[in-house]
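# Fold the stuff below for me.
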Amino acid sequence: MSTHQKIDRDSGNAITNALSFFETPHTNVSISNSSFIELLTLNPVNITPFHFKIHATTNYIDLAKTYVFTELRIKKEDKDGKLVDIGKDDNVSTVQLIGHTIWKNCRMHINGTQVFEGNSLMAYKSIFDYELTYPQSVKNSYLSVAGYYDDGATQTYPGVDANGYGIKSRKKLFLDEDGNPRSAQFMAKLDVDICNQPRYLVNQCEVDIELLPHESSFLLSAPWDTAPKYHLEILACKLYVKKIELMDSLAFDIAKKLEIKPARYPLRKTSLKSLFISENRTEFNANLWMDQVPRRIILGMVGNKDFVGRQKTTPFYFQHFNLRDISITAGGVTYPSAPYSLDFPKGNYARIYHDMQEAIGYAGSLESNGYLCFGMLMQDIVFSYLT
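Presented below is the predicted three-dimensional model:
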């Protein structure tokens, strides 16, 4: 009988799974049934913000499977100020990832207690999350239902001639093959902190959700000087929630346990903050947070007019503004330990690019987020990503 000579005698024995003849897979004995329910807004769709209510039942709720469905249509103002349909000659489209970036703010209450309230930067959070962390294969497939179409090297654009594939694809969503106007439907995950954790919400909980959309000037882009004023109409807004029905014995055991000890949910809080840097400043210092040191900080820089939202450009036109150095000081420790020496016009930004990829987990991996390659930093696109 042959035996293997171990390099380390303390190493344990292992066999391949292909020889597990006498083992059977585990059987799920916790869930008896699951399905998605559709919720309509409590108020008319022409009145914002939108209110949804998940009524208290015996079912558990999978908040990680909560999706918002929207149906949108683009209109324009004529010479008399009346809203009319767009045509094939109208060079207008929605901003990137409209299924997520349409929302300006979100509030959520559970049994009357507020558990989440964002701010006006909710759209930027979605752009940071999906552009930086999702691989390109997901963006080119599933995220298209949320309105994502990659522009490649022309992801952001200063004018009509630089329009890329993405802006043209998003424009076609609102026109049929003959150039006639039509509505477009989108589906996107509800991107709030409590919905980004895996545990079910216990039963007999009443959930109230309030969604506030952005103005049309923020959501639509028509990069030409003589463009009329466009409006984005919301024709429908629905919420889809996954309900879970547990096995009776397990549900009874959990109910008895909850009488003694409350349910706990591991949340990773995301805070967003905007800072204004006046023109001709060569140095800028700011206090970001005074409580806990964050695990990760993402920085994006946009022009003030783009940040406020104007139809001629896009709010996600990120630029480097000839950044020379950047650092974060937390708890007496400065990150990075060695200062950057950046010169974007001369192409001196290799280290900060590597640190960004290292922070989001793509350095040395076989995947890529596809959003930012090294050469693209020269084209007025930058995310500074510090940990």
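# and residue 235, what does it touch?
Applying CB atoms under 8 Å, 6 or more residues apart in numbering to residue 235 gives the contacts 45, 71-73, 183. Every residue, glycine included, has its C-beta placed from N, CA and C.
# Show me which residues of the helix or strand containing it are buried.
Using DSSP states H and E, residue 235 sits in strand 230-246. If you call a residue buried by 16 or more other CB atoms under 10 Å, then strand 230-246 has these buried ones: 230-232, 234, 237-239, 241-246.
# So for it, mean pLDDT?
If you average the pLDDT over strand 230-246, you get 96.
# Test of understanding: give the bridge partners of the closest residue to residue 43 other than its chain neighbours.
Leaving aside its sequence neighbours, residue 43 sits nearest to residue 51 (CB to CB, 6 or more residues apart in numbering; 5.6 Å). With DSSP bridges as the criterion, residue 51 is bridged to residue 210.
# Tell me who's in contact with residue 51.
Residue 51 neighbours (CB under 8 Å, 6+ apart): 41-43, 208-210.
# Turn the residues you listed into TSV, including pLDDT.
Shown next, in TSV, are those (pLDDT from 0 to 100):
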residue	pLDDT
41	96
42	96
43	94
208	97
209	97
210	97
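# ok, residue 10 - how many residues close by?
Look at residue 10: counted by other CB atoms under 10 Å, it has 5 neighbours.
# now it, what's its secondary structure?
Per DSSP: H, G, I helix; E, B strand; the rest coil, the local secondary structure of residue 10 is coil.
# Likewise for residue 74?
Residue 74 ends up strand, using three-state DSSP.
# ok, it - how many residues close by?
Neighbours around residue 74, by other CB under 10 Å: 26.
# who's in contact with it?
Residue 74 touches 86, 90, 92, 94, 174, 181, 220, 230-233, counting by CB under 8 Å, 6+ apart.
# Next: residue 214.
101-104, 123, 309.
# Out of the residues you listed, which is nearest to residue 282?
residue 309 (27.7 Å; CB to CB).
# What separation is there between that closest one and residue 104?
Going from residue 309 to residue 104 by CB to CB, to the nearest Å gives 10 Å.
# For the stretch 51-200 of the chain, just list every one of the strands.
60-77, 83-85, 93-94, 103-110, 113-117, 184-189 (DSSP state E, counting those that start in this stretch).
# Residue 151 is nearest to which of the ones you listed?
strand 93-94 (10.9 Å).
# tell me which strands and helices that closest one is in contact with?
helix 165-172, strand 220-221 (3 or more CB pairs under 8 Å, 6 or more residues apart in numbering; DSSP states H and E).
# make it 10 Å
strand 60-77, helix 165-172, helix 216-219, strand 220-221 (3 or more CB pairs under 10 Å, 6 or more residues apart in numbering; DSSP states H and E).
# which pair in the contacts of residue 214 spans the largest distance?
Across the contacts of residue 214 (CB to CB), the longest gap, 13.8 Å, separates 103 and 309.
# Now list whatever residues contact both of the two.
Contact criterion CB atoms under 10 Å, 6 or more residues apart in numbering; residues shared by residue 103 and residue 309: 123, 214.
# Could you measure from residue 361 over to residue 134?
12 Å.
# One more: residue 200?
Distance from residue 200 to residue 134, by CB to CB: 24 Å.
# Mind checking which of these two has more residues around it?
More neighbours surround residue 200 than the other of residue 200 and residue 134, with 21 against 17 (other CB under 10 Å).
# So what's the residue count around the nearest residue to the more buried one once chain neighbours are set aside?
Taking CB to CB, 6+ apart, and ignoring the residues beside it in sequence, residue 200 has residue 60 as its nearest neighbour in space, at 4.2 Å. Counted by other CB under 10 Å, the residues lying close to residue 60 total 22.
# which among the contacts of residue 235 end up buried?
Buried among the contacts of residue 235 by 16+ other CB under 10 Å: 45, 72-73.
# coming back round to it: residues in a beta bridge with the residue nearest to residue 200, which ones?
residue 244.
# Tell me who's in contact with it.
31, 34, 199-205, 242-246, 251, 254.
# and the residue most central in space within the chain, what does it touch?
In the chain, the residue lying closest to the centroid (CA atoms, centre = their mean) is residue 126, at 2.3 Å. Residue 126 makes contacts with 96-97, 99-103, 146, 188-189, 191, as judged by CB under 10 Å, 6+ apart.
# leaving aside the residues next to it on the chain, what's closest to it?
That would be residue 100: by CB to CB, 6+ apart, it lies 3.7 Å from residue 126.
# Quick check, pLDDT for that neighbour.
96.
# isn't it right next to residue 146, touching?
Yes: if you go by CB atoms under 10 Å, residue 100 and residue 146 touch, sitting 5.8 Å apart.
# Next, show the common contact partners of the two.
68, 126, 130, 186, 188-189, 191.
# Now which of the residues you listed would you call buried?
Neighbour counting over the shared contacts of residue 100 and residue 146 (16+ other CB under 10 Å) leaves 68, 126, 130, 186, 188-189, 191 as the buried ones.
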